[in-house]
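Participant: have a look; sequence and predicted model below, questions after that.
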Amino acid sequence: MLDLKIVNGKIIDVENKKIIEGDIGIKDGVITATGNVSSEAAFIIDAKGNHVSPGFIDIHMHEEDFSLTQKMEYDIADTMLNMGVTTCAVGNCGNNRQSIEELYEFINEKGNPVNYMSYIGHNYLRNVAGNTDIYMKSSKNQIEKMQSLVKKAIDFGAIGVSYGLEYCPGIDTEEAIEITKEIQGRDDLLLAAHYRKDAIYALDAIEEMALIGRECRIPFQISHLSSCSAYGNMTEALKLIENIVNSGADLLVDAYPYAAFSTFIGSAVFDEGCFELWNKSYDSIMLTEDPFKGMFCDRELFEKARKEYPNMLAVAYVMNENEIIQALNHPLVMIASDGIYRNHSGHPRGAGTFPRVIGHYVRDEKKMEFFDAIYKMTYMPAKRLKLKRKGLIKEGYDADITIFNYDAIIDKATFQDPQVRPDGIDYVILGGKTAVAEGKTINNTLGTFYRRGEA
Ligand SMILES: [Zn+2]
């Protein structure tokens, strides 16, 4: 007797790029049969001819800050689940929003809408080690402290180390390498970095990341390439990455499917010279809060907002969409959301990335190939995260499954309303149990925190 059977599905065979019409049998959280499954099951889901996909895997997002949510609610794990994600890598861009131990304990006690695994963030450790000045290089003592904290986090089960090079000018390449002293040469780990500088500086930034990976002898993941190089530099950036990979480096990339980023209008990102760098003007910046909600800037409004409302979120429509599409289609690039929220505000990518790729770029715009897109959001990140039983619908694999309606799937989150649930995600199954049914969340506690190697 099976625990669950999914019938009448268009099962996506990611490896062989084909659809298998049929059923899936699930027992004890594991897929035990696919195709024509005759065994009885305690529970049956009729997929009604919809696509049955491995649960989406988000290799780059940012967990909630439980000091803001008072540990009462989730700020992003819910929106991940709503868009069909079943497993995420958190702690990216050098930033843990609380210690990994705290996150682990919380999820162990309360459950989580999706499965989490975590990097240990360099920028976070700098604070722990006592270097709170982002412009200052860390002292020898602080670096030694970080070396042992990195080791401790890895021993606890972190998947690797993440860097936020742009956020912290005090980090030089040497420091980035030195903090990994205790873990160098381990190919069971992963380094990930938010590059140092974008646009015309992106090539130098990519070279630096490759150097860090090479010196540490650890596989390397370049984070959100789309916001780094979609300013007229994507062809060169991808070419450089190809060359580095061809020379033997274990280097891969992720990108999100939006041509705009969002940050505080007072941020250094908007300092003098930014428009020259992006080759854009004031009217590419939209303000998101009253009294300027929805207004695009001219010079006067831009300066007024920066001066009087520096903490207002602004949306910068400064990346070139054709370059985003170019990145998403490149064989070394997988799809990840880079989602992050603060008190439910932020960029819609945290609630729309995966449905947007399928509904907008595959179906409507025909800019991506269906199986390729699914591969980049399932099996490709699963392999990168060394998840041995995820990313495929196959006997013996974990029953993490997303059922979507291809005709209906589309992102609904916007820059004004960034957490709106997408259309077309009908069912999400985690470990053989139903988290989303008929487009509604029925259980948001099925996720777990995986220590490295546990999944
Ligand atoms: Zn980042």
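Facilitator: Perfect, I can see it now.
Participant: and the residue nearest to Leu4 when sequence neighbours are not counted, what element?
Facilitator: Leaving out its chain neighbours, the residue that sits closest to Leu4 by Cβ to Cβ, 6 or more residues apart in numbering is Ile26, at 4.3 Å. Every residue, glycine included, has its C-beta placed from N, CA and C. Remark: Ile26 resides in strand 18-27, with elements defined by DSSP states H and E.
Participant: what is the helix or strand following that strand packed up against?
Facilitator: Counting by DSSP H and E, the next helix or strand C-terminal to strand 18-27 is strand 30-35. In terms of contacts (3 or more Cβ pairs under 8 Å, 6 or more residues apart in numbering; DSSP states H and E), strand 30-35 is packed against strand 18-27.
Participant: the residue nearest to Leu4 against Gly432, yeah?
Facilitator: Yes. Using Cβ atoms under 8 Å, Ile26 is in contact with Gly432, at 4.5 Å.
Participant: and the chain, which residues reach the ion?
Facilitator: Cys93, His194 (Cβ under 5 Å from the ion).
Participant: so what does the residue in the stretch 151-300 of the chain that the ion sits nearest to look like in phi/psi?
Facilitator: Residue nearest to the ion within the stretch 151-300 of the chain: His194 (3.5 Å; Cβ to the ion). Torsion angles at His194 (phi, psi; degrees, to the nearest 10) stand at phi -80, psi 110.
Participant: how near is the residue nearest to Leu4 to the ion?
Facilitator: 36 Å (Cβ to the ion, to the nearest Å).
Participant: quick one: that residue from Val14, how far?
Facilitator: 18 Å (Cβ to Cβ, to the nearest Å).
Participant: so which of the two has more stuff around it?
Facilitator: Ile26 (26 against 23; other Cβ atoms under 10 Å).
Participant: dump the residue contacts of the more buried one.
Facilitator: Ile26 sits next to Leu2, Asp3, Leu4, Lys5, Ile6, Thr32, Ala41, Ala399, Ile429, Gly432 when contact means Cβ atoms under 8 Å, 6 or more residues apart in numbering.
Participant: just these: which are in strands?
Facilitator: Leu2, Asp3, Leu4, Lys5, Ile6, Thr32, Ala41, Ile429 (DSSP state E).
Participant: can you give me the neighbour number for the closest residue to Phe264 other than its chain neighbours?
Facilitator: The shortest distance from Phe264 to any non-neighbouring residue, by Cβ to Cβ, 6+ apart, is to Asn311 (5.4 Å). Per other Cβ under 10 Å, the neighbour tally for Asn311 reads 9.
Participant: and if you look at Met377?
Facilitator: Counted with other Cβ under 10 Å, residues neighbouring Met377 total 29.
Participant: can you pull the contacts of it?
Facilitator: By Cβ under 8 Å, 6+ apart, the contact list for Met377 reads Phe56, Ile57, Asp58, Met334, Ile335, Phe354, Val357.
Participant: may I see those organised as JSON lines, with distance to Tyr119 added?
Facilitator: Converted to JSON lines, the contacts of Met377 look like this (distance: Cβ to Cβ, whole Å):
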{"residue": "Phe56", "distance to Tyr119": "19"}
{"residue": "Ile57", "distance to Tyr119": "15"}
{"residue": "Asp58", "distance to Tyr119": "13"}
{"residue": "Met334", "distance to Tyr119": "16"}
{"residue": "Ile335", "distance to Tyr119": "18"}
{"residue": "Phe354", "distance to Tyr119": "21"}
{"residue": "Val357", "distance to Tyr119": "23"}
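Participant: how about these, which pair is most distant?
Facilitator: Distances among those were taken as Cβ to Cβ; the most separated pair is Ile57 and Val357, at 13.2 Å.
Participant: these two: who's more crowded?
Facilitator: Ile57 (30 against 24).
Participant: nearest residue to that one in space, please, no chain neighbours.
Facilitator: Counting by Cβ to Cβ, 6+ apart, the residue nearest Ile57 is Pro381, at 4.2 Å.
Participant: which SS class is the one you found?
Facilitator: Following DSSP: H, G, I helix; E, B strand; the rest coil, the label given to Pro381 is helix.
Participant: count the neighbours of the nearest residue to Ser139 once chain neighbours are set aside for me.
Facilitator: Spatial nearest neighbour of Ser139, chain neighbours left out: Asn131 (7.3 Å); criterion: Cβ to Cβ, 6+ apart. Number of residues near Asn131 (other Cβ under 10 Å) recorded here: 23.
Participant: Asn131 belongs to a strand, doesn't it?
Facilitator: No. Secondary structure of Asn131 (three-state DSSP): coil, not part of a strand.
Participant: how far does stretch 132-148 stretch from start to finish?
Facilitator: 18 Å (Cα to Cα, to the nearest Å).
Participant: sorry, slip of the keys, the one I care about is stretch 412-426.
Facilitator: Span of stretch 412-426 from end to end, Cα to Cα: 15 Å.
Participant: so how far is it off the chain centroid?
Facilitator: Relative to the centre of its chain, stretch 412-426 is centred 17 Å away, using Cα atoms, centre = their mean, to the nearest Å.
Participant: ok, back up a step: if you count neighbours, what's buried in the strand holding Ile26?
Facilitator: Using 16 or more other Cβ atoms under 10 Å as the test for burial, strand 18-27 gives Ile20, Gly22, Asp23, Ile24, Gly25, Ile26, Lys27.
Participant: tell me which strands that strand pairs with, and in which orientation.
Facilitator: Strand 18-27 sits in its sheet next to strand 2-13 (antiparallel), strand 30-35 (antiparallel), going by DSSP bridges.
Participant: among those strands, which is the most enclosed?
Facilitator: Sort the strands paired with strand 18-27 by mean neighbour count, taking mean count of other Cβ atoms under 10 Å, and strand 2-13 sits at the top with a mean of 21.
Participant: helix, strand or coil for the residue of the stretch 351-455 of the chain found nearest the ion?
Facilitator: Scanning the stretch 351-455 of the chain for proximity to the ion using Cβ to the ion identifies Thr353 as nearest, at 14.1 Å. Secondary structure state of Thr353, per three-state DSSP, is helix.
Participant: with adjacent residues omitted, what lies nearest to Tyr195?
Facilitator: Of all residues not flanking Tyr195 in the chain, Ala205 sits nearest, at 3.8 Å (Cβ to Cβ, 6+ apart).
Participant: and the nearest residue to Leu165 once chain neighbours are set aside, helix, strand or coil?
Facilitator: Closest residue to Leu165 apart from its sequence neighbours, by Cβ to Cβ, 6+ apart: Arg196 at 4.0 Å. The three-state label given to Arg196 by three-state DSSP is coil.
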